[in-house]
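A.B. asks: Sequence first, predicted coordinates after that:
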Amino acid sequence: MTATRVLVLNSGSSSVKYQLLDMRDSSRLAVGLVERIGEETSRLKHTPLTGGGAESREREEPIADHEAALRAVADELAADGLGLDSPELAAIGHRVVHGGLKFTEPTVIDDAVLKEIERLVPVAPLHNPANITGIRTAQALRPDLPQVAVFDTAFHTTMPESAARYAIDVATADEHRVRRYGFHGTSHAYVSRKTARLLGKAPEDVNVIVLHLGNGASASAVRGGRCVDTSMGLTPLEGLVMGTRSGDMDPAVIFHLARVGKMSIDEIDILLNKKSGLIGLCGDNDMREIRRRIDAGDEEAALAFEIYIHRLKKYIGAYYAALGRVDAVVFTAGVGENAAPVREAAVAGLEELGLAVDGALNSVRSDEARLISPEYARVAVAVVPTDEELEIADQTYALVGDRNA
Ligand code: AMP
């Protein structure tokens, strides 16, 4: 029997998201999520997608740790005849947030690879430990199965030094590995490639500005399929205004808050990562709610929206300049795919750059990749739904495919 299934695991600090795909047709066999791992009120939501209906099953019970979570997921899959012991399972693909400079490609995980991912914990203290736990647990469940790491940073490793380095003392930066790594790379890779296809061109022939606008948000400049700049940096804090993160700021704000505001480094970390961005500006981080408040005449929400859009426009302009020629500006992720007012406002006034949005096309709701610019526009504006799980499964299967041939 040919093994054609890939299980994609996205292990967070207290959650595991998973999808089981059949790579013959990229179809989903099951999707699910375990939340609040380690708490009394853990929850597992599992949705089998085989056999017509998509009836979800939910369990609420204490799930102590990632190992227990993955065992519970394995049980749910087994109940649908999709167990992890199936000979049809080809590999497990893991989303790993930080791959540093070393991991420029998806990589089959062995002890040396795992050690290197561990070595990167100081630059990704929130993310890599959870990813490592997910990998170890999956290895324990199926030691014989190839496990592949697909890194969020990999797509950005093509950035030139001019974009990747901060202008700080080189020896200090190198000693502490302080540089711009970028994140959401799996999404930027997938979306930029799909945009080329939408334009009927090869990725090598197009220059694209990708705007990944979710609760976390990042922009990237992609020249001929290779990333030349991205807005997130050493951590996901840099760049655009996000749901709860400030994005770009004068770093001296931190000294000021510490010295004058008497805040600790941990307090400032929480302020900038969890209590800033849209939620800090207006108390809401969901763009739907912010639009509702604006429609009801709420000035605080309107200002938060303006600040969000102003930053977005600055990045479109900056990446236009970095690329020189732009074939498409593309919106993706929760806000980018769904919020027509964000797309309209981000492009408004940029006609001199060849950018425009067609009102009717922009207001269409669809899950398909689509153009929203008018015929006459020099630069295409597009909406391309991202699919990080499919990209991880594709990259994983491409790597282990030979073993199954
Ligand atoms: P993501 O991180 O990609 O899952 O995106 C999550 C964000 O997408 C949410 O916080 C919402 O702000 C936004 N979002 C989802 N659906 C909509 C919608 N229909 N209109 C506006 N924003 C949306």
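C.D. replies: Perfect, I can see it now. Numbers count the residues shown, from 1 in each chain.
A.B. asks: can you pull up the bridge partners for the residue lying closest to Val364 once chain neighbours are set aside?
C.D. replies: Excluding the flanking residues, the one nearest Val364 by Cβ to Cβ, 6 or more residues apart in numbering is Arg370, at 7.1 Å. Backbone N, C-alpha and C define where each C-beta goes, glycine included. Counting by DSSP bridges, Arg370 forms beta bridges with Val383.
A.B. asks: Could you report the distance from Arg370 to Arg24?
C.D. replies: Applying Cβ to Cβ, to the nearest Å, the value for Arg370 to Arg24 is 27 Å.
A.B. asks: Who has more neighbours out of those two?
C.D. replies: Between Arg370 and Arg24, counting by other Cβ atoms under 10 Å, Arg370 is the more crowded of the two (14 against 10).
A.B. asks: Could I get the pLDDT score of the more buried one?
C.D. replies: Per-residue pLDDT puts Arg370 at 98.
A.B. asks: Do you have the strands of this protein handy? List them.
C.D. replies: Remark: strands assigned in the chain by DSSP state E are 5-11, 16-22, 27-35, 43-48, 57-60, 89-96, 107-108, 147-151, 207-213, 217-223, 226-230, 328-332, 370-371, 380-383.
A.B. asks: which residues does the nearest residue to His127 once chain neighbours are set aside contact?
C.D. replies: Excluding the flanking residues, the one nearest His127 by Cβ to Cβ, 6+ apart is Val97, at 3.6 Å. Going by Cβ atoms under 8 Å, 6 or more residues apart in numbering, Val97 touches Ala124, His127, Asn128, Asn131, Phe151, Asp152, Thr153, Phe183.
A.B. asks: ranking those residues by neighbours, who comes first?
C.D. replies: Of these, with other Cβ under 10 Å as the count, Phe151 tops at 29 neighbours.
A.B. asks: what's near enough to touch that residue?
C.D. replies: Phe151 makes contact with Val96, Val97, His98, Gly99, Phe103, Pro106, Thr107, Gly185, according to Cβ under 8 Å, 6+ apart.
A.B. asks: what's the closest of those residues to Arg245?
C.D. replies: Lowest distance from Arg245 to the contacts of Phe151 (Cβ to Cβ) belongs to Val97, with 14.8 Å.
A.B. asks: Now that closest one: phi and psi?
C.D. replies: phi -70, psi -50 (degrees, to the nearest 10).
A.B. asks: What separation is there between it and Leu353?
C.D. replies: From Val97 over to Leu353 (counting by Cβ to Cβ), the distance is 33 Å.
A.B. asks: just Leu399 next, same as before
C.D. replies: Distance of Leu399 to Leu353, computed by Cβ to Cβ: 39 Å.
A.B. asks: Same list (the strands of the chain) but as a markdown table, adding distance to Glu238.
C.D. replies: A markdown table is the format used below for the strands of the chain (distance: least, Cβ to Cβ, whole Å):
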| stretch | distance to Glu238 |
| --- | --- |
| strand 5-11 | 22 |
| strand 16-22 | 25 |
| strand 27-35 | 28 |
| strand 43-48 | 33 |
| strand 57-60 | 37 |
| strand 89-96 | 20 |
| strand 107-108 | 26 |
| strand 147-151 | 18 |
| strand 207-213 | 14 |
| strand 217-223 | 9 |
| strand 226-230 | 9 |
| strand 328-332 | 19 |
| strand 370-371 | 30 |
| strand 380-383 | 25 |
